[in-house]
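Q: sharing a sequence plus its predicted fold:
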Amino acid sequence: MRMLAVLSWMVAWSSTNCSKTQTTDAAGGGEFSGKAAILAPMASSAEPLLRISDFDENPFGYDLTAQLITTRYGNKFTLRKEFIKNTHNQALVDTIFHFSSADSKLDIYKVQENEMLFSAKISDPAFSLRNGIRVGLSRNEFCNKFYELQRYRNRQGLHIIDAPEAMAVYQLEILPDQIIISNDAATARYTFLFVQNRLAQIQIEFYLD
């Protein structure tokens, strides 16, 4: 899970409160060793429809860590590490792992032993999210992954989705070339961009207080 509650009191983003140093490492070097790419498992055709609340809880279906990215995707990425003093405990140094390639990027925030993805822009079909959601799917295939999109897939505009099972409310925005999902706590936003009715890019933004 994203551990927002754990991280919210530990992370400070203001430049006036943080002291930063940066280092640059090639993928597969430094802290992690590069290995042959192992693609994330694809969804089975027998998988049930995915609820937006479940996707928001864990969009990849597993905890995405810096080590896992390096192991699964080998030398696809260049890695840059950014070190930030923890404002709540000056004895601690937090780390941001910036993974970037020609068409994708992922940012992982690490506080002591806890890690979470807080930003991603994915245009590589090698990355599979829950239920086999990945770049290259047709718009219909994408909509067939979600329970809520069975009702709203052809209804453009902004829709409010009540998710009592997660005690949350979501906004689902249907546009000609985008489908956007965000939660009412303003801690997560998922943008799915379509080109000629094919999923071309997945953008993920998590907000930490």
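A: Here it is on my side, so go on. Nothing here was measured: the structure is a model prediction, and the numbers come from that model. Residues are numbered from 1 along each chain as shown.
Q: show me which positions of the longest helix along the chain end up buried.
A: In the chain, taking DSSP state H as the definition, the longest helix is helix 66-73. Within helix 66-73, the residues scored as buried using 16 or more other Cβ atoms under 10 Å are 66, 68-73. Every residue, glycine included, has its C-beta placed from N, CA and C.
Q: of those, which is the nearest to Ser123?
A: When these are compared for distance to Ser123 (Cβ to Cβ), Tyr73 wins out at 13.6 Å.
Q: isn't the closest one right next to Ser128, touching?
A: No - the pair Tyr73 / Ser128 is not scored as a contact, 11.6 Å apart, by Cβ atoms under 8 Å.
Q: can I get the buried residues of helix 66-73 in JSON lines including distance to Ile96 and pLDDT?
A: Formatted as JSON lines, those follow (distance: Cβ to Cβ, whole Å; pLDDT from 0 to 100):
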{"residue": "Ala66", "distance to Ile96": "10", "pLDDT": "93"}
{"residue": "Leu68", "distance to Ile96": "16", "pLDDT": "92"}
{"residue": "Ile69", "distance to Ile96": "13", "pLDDT": "91"}
{"residue": "Thr70", "distance to Ile96": "15", "pLDDT": "91"}
{"residue": "Thr71", "distance to Ile96": "19", "pLDDT": "91"}
{"residue": "Arg72", "distance to Ile96": "20", "pLDDT": "87"}
{"residue": "Tyr73", "distance to Ile96": "18", "pLDDT": "83"}
